[in-house]
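Structure for the following, please:
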Amino acid sequence: MRKIRCHYPSPDAYVQALEPNSEPHSLQVFSTDPFEPGEEVLLEVYFAGLPGKMMVRAIGKEWHSARPRLRVRAGGVLRCTGTEWRKLEFLRDVGTGSIDLTARRRHVRLPVMVEVRWRRQNATEFAIAALSEISEGGALLLTRSPPPQGDEIIVEITPPGSERPLEVLAVVRNADNPDGVGLEFLARDMGGVHRLREVIRRLVEQ
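Model (predicted):
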């Protein structure tokens, strides 16, 4: 899957690029890398003030080359569905100020989408789930069978390009989210902290 970068100069520019010409679940992108209609690409989205880059899987709708005389930049329109579109909506809320990434938490949670495994602390069987945001302090776990608030669980995260997963002990702090449960990572040794930071960096930049 090809990676395409699209960096917007401001949050407003990103918000204006969403659903161009009333196209639902679409994003206007500016890139000199052409893509074909129906082609699946990995889009790197960033705008000024965002603490990290968002990686989104998208499907090409149309692309055009630059037209300098008309002051038209090279780019096109991509479509997203499901959790990929919710990631773009999350960024829209950040861009409009509806979500303040620096408030309420000691650590900024960065938007990601990665498959993980989790189990209750005293259990042996793992369940497949996903993380849609993560920081050194915690994460949002998307799972069909959410554990109740107060439960301690083990989350197994395998960073891109690695065969050895990182196991993190967490406690469920918020079970009110309609998409999953909010986790707080519990005390770790310093080696675990450093490895978690590296895992987060690789997840955000993948």
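
Does R195 touch P165 like I think?
No: R195 sits out of contact with P165 when judged by C-beta atoms under 8 Å, with a separation of 10.7 Å. C-beta coordinates here come from the backbone N, C-alpha and C atoms, glycine included.

In this model C6 seems to touch F35, though I could be wrong.
No: the pair F35 and C6 fails to qualify as a contact (C-beta under 8 Å) at a distance of 11.2 Å.

For L27, give me its contacts.
A17, L18, E19, P20, L43, V45, A58, V77, L78, R79, C80, L88 (C-beta atoms under 8 Å, 6 or more residues apart in numbering).

Same question for H64.
If you count contacts by C-beta under 8 Å, 6+ apart, then H64 has V72, A74, G75, G76 around it.

The residue nearest the centre of the chain: which element?
Taking C-alpha atoms, centre = their mean as the criterion, V112 is the residue nearest the geometric centre of the chain, at 2.4 Å. Here V112 sits within strand 110-120, counting by DSSP states H and E.

what's the next helix or strand after that strand packed up against?
Where DSSP H and E defines the elements, the next helix or strand beyond strand 110-120 is strand 127-134. Packed against strand 127-134, as judged by 3 or more C-beta pairs under 8 Å, 6 or more residues apart in numbering; DSSP states H and E, are the following elements: helix 82-96, strand 110-120, strand 138-142.

Go through those and pick out the most buried.
Mean neighbours per residue, mean count of other C-beta atoms under 10 Å, is largest over the helices and strands packed on strand 127-134 for strand 138-142, with a mean of 23.

Which of the residues in the very next helix or strand once past that one are classified as buried?
From strand 138-142 onward toward the C-terminus, using DSSP H and E, the following helix or strand is strand 152-157. In terms of neighbour count (16 or more other C-beta atoms under 10 Å), strand 152-157 has its buried residues at I153, I154, V155, I157.

what number of residues lie near E184?
Residues lying near E184 (other C-beta atoms under 10 Å) number 14.

what bridges to it?
In this entry, E184 is beta-bridged to G138, V171, by DSSP bridges.

need the contact list for F47.
Taking C-beta under 8 Å, 6+ apart as the definition of contact, the neighbours of F47 are H7, Y8, P9, S10, P11, A13, Y14, L91, G95.

If burial is judged by neighbour count, which of the residues you listed pass?
Using 16+ other C-beta under 10 Å as the burial test, those include Y8, P11, Y14, L91, G95 as buried.

residues contacting the last one?
Residues touching G95, when contacts are defined by C-beta under 8 Å, 6+ apart, comprise P11, D12, Y14, V15, F47.

For it, which non-adjacent residue is closest in space?
Taking C-beta to C-beta, 6 or more residues apart in numbering as the measure, G95 lies nearest to P11, with 3.4 Å between them; neighbours along the chain are not counted.

Show the contacting residues for the one you found.
Listed by C-beta under 8 Å, 6+ apart, the contact partners of P11 are F47, A48, G49, L50, V94, G95, T96.

Run through the chain and note the low-pLDDT ranges.
The chain contains residues with pLDDT under 70 at 51-52, 99-111, 187-192, 204-206.

quick one on the thing from earlier: of the contacts of H64, which belong to strands?
G75, G76 (DSSP state E).

Most neighbours among the contacts of H64, please name it.
G75 (22 neighbours).
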